[in-house]
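K.L.:
Got a predicted structure here, sequence first:
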Amino acid sequence: MAARLVAYLVACIVGVTLIAGLIVGAQREDDGAVDLIVVNARVYAGDGASELAEAVAVRGNKVIRVGTNSEIRRLRRAQTTVIDAKGGAVLPGFNDAHAHFISGGLSLDQVNLLEAKTLDEVRDTVRVWAESHPEREWILGRGWYYQPFTGGLPTRQILDALVPDRPAYLTAYDGHTGWANTRALKLAGITRRTKNPANGTVVKDPRTGEPTGVLKESAMQLMRAASPQPTREDKVAAIRAGLEEAHRLGVTSVQNAGGSPEDLDLYNELRKRGELTLRVYQALSADASLTDADLDRLEQVRTRFADDPLLKTGAVKLMADGVIETHTAAMLEPYANRPETKGHANFTPEQLNKVVAMLDRRGWQVMTHAIGDAAVRMALDAYEAAAKTNAAPERGRRHRIEHIETIDPADIKRFGAIGVIASMQPLHGLPSPAGDDVWSTNIGPERAARGWVWNSMARAGGKLAFGSDWPVVTIDPLMGLHVAITRTRLDGLPEGGWLPAERLPLRKAIDAYTRNAAWASYDELRKGTLSRDMLADLIVLSDDIFNTPPGRIIDAHVVVTIVDGKVVYRRDAPDTTTH
């Protein structure tokens, strides 16, 4: 008996000594020099902890500790940069899970119609911009909404009156419809005899047969040969401009939904110069014609841009359908105001199953643009079929569906069951609650009531990843958070929110922009939360958004943005940062 007690005592001493050694070792590691600390904050680490911390410590490009002010302040040394959050919230850096970053950067130097909500505002914006840029041979821009125009579509005559002296071409906010004036149509050779390309429409006046100036979907490509296209230098400048805009708004990572190998080369050029201060996950584009030879070429690109914290690829973007506003999204039942059509899918089910299986077999992540309920179902079916046919890739499957604007109720639970990521954009989810907007009118009230079902998706086990679709809407995540938690416009209307049952709690909405977004790009082990050894990407806000009424979160702004442990943006605040 005595021998047994001695053995227990020895084991206890050894265990205590080991634990104490681990604690002391951790403390000694923390006691080393740190490069940056943030104090007096309301820190949401994004790691599921219920309590908010007060401070964060960073060494090099890693977070080494999150804790109280006193715990973190004792790590300060002479060389340590100290950021006083002054009671503002500190979050992991926002990760935009769906953007078109180069297009967004280019849009910063073009006509921007995102704030033009009426026809008069559209006219004023285009006219003023054209008059202010007499040196431009073409007037280019984007962002117009369908709602201000009779029948939901503009005409060349409206644009002729605004830009009578030059060709003009403006893309709709969603990127799926073009609007040209008469000069632009003539330069592109688009006439009454122009035939519709596959998956596209040259809209023509039913009385005269003349083109109206509207080009839907693939018909937009008819304008490319005539209109000026951005050069490599233009695109590099656009990335630089986009970096400034992203950091100003707290975005530290971006996931580009489709693009070319040349896009990766542009980012890589900036990376080599030490100028790439945004983490980029670039999806490549493919369509129904994908072959094994095409896949071989994609593999070469993936080998060049393999898993890397700053720049990588590993996903392929597919476009399953169009958009509801132009009746090109694929629906299970006919459109409410166009009973002759259910829209149009860019793949047959057999084609999509084949392409997804090919990509899945080689370990690619698949991102499928699917807006209509039929396209969403078709994508889910393709992912499910691939999982039954192919062995699971080494890193696991994390296929995604992008947008999901409306969905059949039976398909909501499939996201969690199959393990498909719901990549959605909160700022899209604001059609008029009165039902008089183009989106709601086209599909009718029943399907409109299933619009952007964030909360239903999350409750059914689906993983939400949020983004902007920039330049479709602003890249500002705070605006997206506002919509996600209120379901209202920035003016607070409609009162109580549109489909209020789909509102999200604030922390879940933040997770969709941070932790879940990192998961969506296979990066959850290095970013998306603020915990030891995670990459030091974080932002400081002006306000404590956790103690702010939901409708007033939009009043907050980003004070400091930190990427890889370095301050890349600081709003004018002389006392914010000290040494």
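P.N.:
Received the coordinates, thanks.

K.L.:
list the contacts for the residue nearest to T488 when sequence neighbours are not counted?
P.N.:
Leaving aside its chain neighbours, T488 sits nearest to G497 (5.2 Å; criterion: Cβ to Cβ, 6 or more residues apart in numbering). No exception for glycine: its C-beta is placed from N, CA and C like everyone else's. Counting by Cβ atoms under 8 Å, 6 or more residues apart in numbering, G497 touches 486-488, 503.

K.L.:
For V128, grab phi and psi.
P.N.:
Dihedral pair for V128: phi -60, psi -40, per degrees, to the nearest 10.

K.L.:
Identify, from the contacts of G497, the entry nearest to R136.
P.N.:
T488 (37.4 Å; Cβ to Cβ).

K.L.:
wait, that closest one sits on G551?
P.N.:
Yes: if you go by Cβ atoms under 8 Å, T488 and G551 touch, sitting 7.0 Å apart.

K.L.:
Tell me who's in contact with the nearest residue to W138 once chain neighbours are set aside.
P.N.:
Nearest residue to W138 in three dimensions, chain neighbours excluded: P167, at 5.2 Å (Cβ to Cβ, 6+ apart). Contacts of P167 were listed using Cβ under 8 Å, 6+ apart, and they are 137-139, 180-181, 183-184, 187, 226-227.

K.L.:
Buried ones among the residues you listed?
P.N.:
Neighbour counting by 16 or more other Cβ atoms under 10 Å classes 138-139, 180-181, 183-184, 187, 226-227 among those as buried.

K.L.:
Look up the residues that both of T488 and G551 are in contact with.
P.N.:
Counting by Cβ under 8 Å, 6+ apart, the residues touching both T488 and G551 are H482.

K.L.:
In terms of neighbours, single out the busier of these two.
P.N.:
In terms of neighbours (other Cβ atoms under 10 Å), T488 is the more surrounded of T488 and G551; the figures are 21 against 15.

K.L.:
Check which helix or strand that one maps to.
P.N.:
Counting by DSSP states H and E, there is no helix or strand that carries T488.

K.L.:
so who does it touch?
P.N.:
For T488, the contact set (Cβ under 8 Å, 6+ apart) comprises 430, 482, 494-495, 497-498, 551.

K.L.:
gap between it and M479?
P.N.:
From T488 across to M479, the span is 12 Å (Cβ to Cβ, to the nearest Å).

K.L.:
repeat for K527
P.N.:
K527 is 22 Å from M479, by Cβ to Cβ.

K.L.:
Mind naming the longest strand for this protein?
P.N.:
strand 311-319 (DSSP state E).

K.L.:
quick one: the following helix or strand past it to chain centroid distance?
P.N.:
Next helix or strand after strand 311-319 toward the C-terminus (DSSP H and E): helix 349-361. Distance of helix 349-361 from the chain centroid (Cα atoms, centre = their mean, to the nearest Å) equals 24 Å.

K.L.:
What's the first helix or strand after the worst-scoring helix or strand of the chain on mean pLDDT?
P.N.:
Ranked by mean pLDDT, DSSP states H and E, the weakest helix or strand in the chain is helix 2-30, scoring a mean of 48. As assigned by DSSP H and E, the chain's next helix or strand after helix 2-30 is strand 36-39.

K.L.:
in its sheet, what does that following strand sit against?
P.N.:
strand 55-59 (antiparallel), strand 81-84 (parallel) (DSSP bridges).

K.L.:
Mean neighbour count, those strands: which tops it?
P.N.:
Of all the strands paired with strand 36-39, strand 55-59 has the most neighbours on average by mean count of other Cβ atoms under 10 Å, namely a mean of 25.

K.L.:
average pLDDT for that strand?
P.N.:
Rounded to a whole number, the mean pLDDT of strand 55-59 is 98.

K.L.:
cool, and stretch 340-350?
P.N.:
In the prediction, stretch 340-350 has an average pLDDT of 96.

K.L.:
Quick check: buried residues in it?
P.N.:
342-347.

K.L.:
Can I get it as CSV, trimmed to CA atoms?
P.N.:
Provided in CSV are the C-alpha atoms of stretch 340-350 (Å, rounded to 0.1, in the frame of the first residue of the first chain):
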residue,chain,number,x,y,z
GLU,A,340,-42.9,31.3,-71.6
THR,A,341,-39.5,31.0,-70.0
LYS,A,342,-37.7,29.4,-67.1
GLY,A,343,-34.5,31.2,-67.9
HIS,A,344,-31.5,29.5,-69.3
ALA,A,345,-28.7,27.3,-67.8
ASN,A,346,-25.3,27.5,-69.4
PHE,A,347,-24.9,23.7,-68.8
THR,A,348,-27.2,20.8,-69.3
PRO,A,349,-27.3,18.6,-66.1
GLU,A,350,-25.1,16.0,-67.9
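
K.L.:
which residues are contacting that stretch?
P.N.:
Identification of contacts with stretch 340-350 by Cβ under 8 Å, 6+ apart yields 199, 287-288, 318-322, 324, 327-335, 352, 355, 372, 374-375, 378, 381-382.

K.L.:
Out of those residues, which end up buried?
P.N.:
Buried, going by 16+ other Cβ under 10 Å: 199, 288, 318-322, 324, 327-332, 335, 352, 355, 372, 374-375, 378, 381-382, out of the contacts of stretch 340-350.
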